[in-house]
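J.: sequence first, predicted coordinates after that:
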Amino acid sequence: MLGREDPQRTLLEVELWAGRAIVPADSFYGRFARIAPQLVSDETFARCYGTKGRPSVSPALLTKVLLLALHDGRSDRGAIDHMRMHLGWKLALGLPLDDPGCHPTTLTVFRARLVLHNLDRELFTAVVRAAVDAGLLAKNAVQLVDASAILGAGAVQDTYTLLRKALSRVVRAGQQQLPAALRPQLDRYVDAKKPEVDWDDADARCEELGRLVADARVALATLPEISTDEPDEAETRRVQLARTLLEQVLAQDVEAGADGKPQLHQGVTRDRMPSLTDPEMRHGRKSASRKWSGYKQHIMTDPETELVTAVTVSPASAGDGALLPELLTQQQATGLAPTRVVGDQAYGGGALREALAERGVEVVAKVAPVHNGAYFSKDAFTIDLDARTVRCPAGQVALIPGRVQLGQLQRVEFPASVCGACPLHDRCVRGRGGRSITIGAYEAHRQRARAAQRDPAVQVLLHRRPLVERKLAHLVRWGSRKARYRGQRKVSLQLFLVGLLANLDRLSRLVFGDPSLTERFVAA
């Protein structure tokens with residue numbers, strides 16, 4: 001049954017005993033106490049509770065506790081301790097001095113309820129919609145977009161550990177179906193203990209890898225894939241998930257060597273799963289030296305108010321631009337319909353520009369330069385798509401063979417005889433042949449974007465892009481860099497709550513710093 005916050009005030013209110021000298025009204029806790037009750041109410045959670053039984057702890061109160069825990073970096077137990085003892089928390093939550101709080105597991109159950117009913121996203125969307133209705137956010141205003149790393153909470157494991165743990169899951173899940181003759185061979189995987197192997201000896205490592213791969217293949221061949229029509233559906237899913245994880249580890253980390261024996265895969269396969277404790281984690285890379293394992297947070301923000309208008313989480317291996325359409329779709333539920341989105345070079349791809357242009361959205365982003373070492377890059381050539389010509393730095397012209405069509409590559413070659421006699425040959429051509437230029441599938445978009453970069457109005461927008469990086473820094477400060485939970489959906493819960501916290505903090509500064517905005521916001 002839905003529980004509600006008690007509107008009845010008592011003589012033990014924080015304001016009566018502590019006063020503004022202890023908890024100033026302009027502190028975070030003072031501002032939170034004024035803005036949160038207007039945006040987070042118990043009625044929002046009505047559909048998640050029954051109509052009979054003992055009343056629950058107020059879900060609005062629990063939401064505010066989760067937000068304060070993120071702000072102060074507290075665990076569930078630490079958050080409950082602060083509910084009982086911290087004057088700032090008492091004021092922010094509207095609790096009397098003698099309120100005993102609740103049990104930490106109440107927060108665990110409440111988070112599960114938020115995920116089950118997608119209320120984390122609904123709460124975040126409702127706050128952005130309230131800002132739009134109050135006129136704080138212009139519906140067609142420019143939006144800034146960026147992405148950053150989230151370090152996963154799962155343990156990153158090497159190939160030997162992944163194989164051993166995955167094989168252990170398969171053996172334990174299908175233990176009842178294993179033939180008695182195979183059990184002595186596979187019993188060592190029941191407890192998944194690390195074997196006694198000289199890990200400094202390359203031959204010993206290869207022997208252990210061969211044993212793991214052979215046992216994995218025996219287990220997979222012995223345990224048939226189970227149909228989802230089996231009576232015990234939960235056991236069926238458990239066995240099938242264990243099989244899938246083991247097959248994925250074999251495919252991503254093991255390959256056949258020249259002698260036919262299994263060996264570690266050279267390089268890192270795309271979308272490699274680095275952890276069995278959180279199979280949805282992936283490897284991410286910002287540069288050659290900046291790598292992480294986990295997820296990626298994507299946000300959009302309004303440059304005028306610095307409110308976060310959309311957030312989402314993806315595996316770390318996903319490209320930044322791949323999640324931009326999802327962010328724009330999320331904004332539609334808030335009443336926003338931007339016509340321009342400003343991002344960095346990761347959002348400047350031609351395919352993304354083309355896809356968003358069909359939705360009436362222009363991407364403003366610098367075009368990534370083309371490098372060619374010590375030789376002239378493609379950018380040194382003048383490509384005229386209308387005239388179907390390419391002019392080299394020396395003034396020589398080559399024709400584009402055929403009409404350039406969207407989505408198709410074209411290759412233009414300069415004659416070897418022309419390039420051989422050119423004084424710029426050593427700075428342009430590798431080898432003895434002539435220079436060739438590949439015209440990209442979205443060259444027209446690329447040319448328009450490069451021309452737009454010289455527009456003073458576009459340059460102003462690009463200079464405002466770092467504002468979204470500052471907002472990302474705010475989210476990181478409140479806990480978005482490190483995942484508290486495992487699994488993409490739960491990490492999304494964390495990011496929605498951090499985004500909600502950032503917006504409440506920003507709104508409290510904007511609204512209560514301007515009396516005219518206060519009246520409009522409260523009315524909305």
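T.: Noted; the coordinates are in hand. Residues are numbered from 1 along each chain as shown.

J.: alpha carbons of the biggest helix by length in the chain, as PDB, please.
T.: Counting by DSSP state H, the longest helix found in the chain is helix 488-511. Extracted C-alpha coordinates of helix 488-511, given in PDB (Å, rounded to 0.1, in the frame of the first residue of the first chain):
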ATOM      1  CA  GLN A 488      23.300  -1.800 -18.100                       C
ATOM      2  CA  ARG A 489      19.700  -1.300 -16.800                       C
ATOM      3  CA  LYS A 490      20.900  -0.700 -13.200                       C
ATOM      4  CA  VAL A 491      23.700   1.600 -14.400                       C
ATOM      5  CA  SER A 492      21.000   3.500 -16.300                       C
ATOM      6  CA  LEU A 493      19.100   3.900 -13.000                       C
ATOM      7  CA  GLN A 494      22.200   5.400 -11.400                       C
ATOM      8  CA  LEU A 495      22.700   7.900 -14.300                       C
ATOM      9  CA  PHE A 496      19.000   8.900 -14.300                       C
ATOM     10  CA  LEU A 497      19.200   9.700 -10.600                       C
ATOM     11  CA  VAL A 498      22.500  11.600 -11.000                       C
ATOM     12  CA  GLY A 499      20.900  13.600 -13.800                       C
ATOM     13  CA  LEU A 500      17.800  14.300 -11.700                       C
ATOM     14  CA  LEU A 501      20.100  15.400  -8.800                       C
ATOM     15  CA  ALA A 502      22.000  17.700 -11.200                       C
ATOM     16  CA  ASN A 503      18.800  19.300 -12.500                       C
ATOM     17  CA  LEU A 504      17.300  19.800  -9.000                       C
ATOM     18  CA  ASP A 505      20.500  21.500  -7.900                       C
ATOM     19  CA  ARG A 506      20.500  23.700 -11.000                       C
ATOM     20  CA  LEU A 507      16.800  24.500 -10.800                       C
ATOM     21  CA  SER A 508      17.100  25.500  -7.200                       C
ATOM     22  CA  ARG A 509      19.800  28.000  -8.100                       C
ATOM     23  CA  LEU A 510      17.900  29.400 -11.100                       C
ATOM     24  CA  VAL A 511      14.400  29.500  -9.700                       C
END
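
J.: which stretches of the protein have low pLDDT?
T.: Applying pLDDT under 70 to the chain flags residues 16, 18-21, 176, 224-232, 402-408, 515-524.

J.: show me how it divides into domains.
T.: Following automatic domain parsing, the chain resolves into domains at 1-117, 121-153+293-366+453-524, 159-264, 378-446.

J.: winner for burial among those domains?
T.: Ranked by mean neighbour count under mean count of other Cβ atoms under 10 Å, the domains of the chain are led by domain 121-153+293-366+453-524, which reaches a mean of 19. Every C-beta, even on glycine, is put in place using the N, C-alpha and C of the backbone.

J.: distance from that domain to the middle of the chain?
T.: Between the centre of domain 121-153+293-366+453-524 and the centre of its chain there are 12 Å (Cα atoms, centre = their mean, to the nearest Å).

J.: what are the phi and psi values at the residue sitting furthest away from the middle of the chain?
T.: What lies farthest from the middle of the chain is A421; by Cα atoms, centre = their mean that is 52.9 Å. Note on A421: its backbone torsions stand at phi -90, psi 0 [degrees, to the nearest 10].

J.: with V370 instead?
T.: Backbone torsions of V370, given as degrees, to the nearest 10, read phi -100, psi 130.

J.: okay, now the sheet partners of the longest strand along the chain, with direction.
T.: The residue-count maximum for a strand in the chain (DSSP state E) belongs to strand 291-301. Strand pairing for strand 291-301, determined by DSSP bridges: strand 143-151 (antiparallel), strand 282-285 (antiparallel), strand 308-315 (antiparallel).

J.: what are the buried residues along the shortest one?
T.: Within strand 282-285, the residues scored as buried using 16 or more other Cβ atoms under 10 Å are 282-284.

J.: output that strand as PDB, nothing but the C-alphas.
T.: Below are the C-alpha coordinates for strand 282-285, written out as PDB (Å, rounded to 0.1, in the frame of the first residue of the first chain):
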ATOM      1  CA  ARG A 282      32.600  -3.900 -22.600                       C
ATOM      2  CA  HIS A 283      36.000  -2.400 -23.300                       C
ATOM      3  CA  GLY A 284      36.100   1.300 -24.200                       C
ATOM      4  CA  ARG A 285      38.800   3.500 -25.600                       C
END
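
J.: quick one: contacts of that strand?
T.: Residues outside strand 282-285 that contact it (Cβ atoms under 8 Å, 6 or more residues apart in numbering): 149, 268, 271-274, 291-296, 315-318.

J.: chain center to it, what's the gap?
T.: Computed by Cα atoms, centre = their mean, the chain-centroid distance of strand 282-285 equals 11 Å.

J.: what ranges does the stretch 251-400 of the chain have for its helices?
T.: Applying DSSP state H, counting those that start in this stretch to the stretch 251-400 of the chain gives helices spanning 324-332, 350-357.

J.: one step back: of all the domains of the chain, which one is nearest N372?
T.: domain 378-446 (7.2 Å; Cβ to Cβ).

J.: start to end distance for that closest one?
T.: Terminal residues of domain 378-446 lie 12 Å apart, using Cα to Cα, to the nearest Å.

J.: now do stretch 354-363
T.: Stretch 354-363: ends 9 Å apart by Cα to Cα.

J.: and for stretch 372-384?
T.: 21 Å.

J.: can you list contacts of that stretch?
T.: For stretch 372-384, contacts defined as Cβ under 8 Å, 6+ apart pick out 369-371, 389-393, 424, 427-430, 435, 437-439, 443, 447.

J.: which of those fall in strands?
T.: Secondary structure from DSSP E places 389-391, 437-439 of these in strands.
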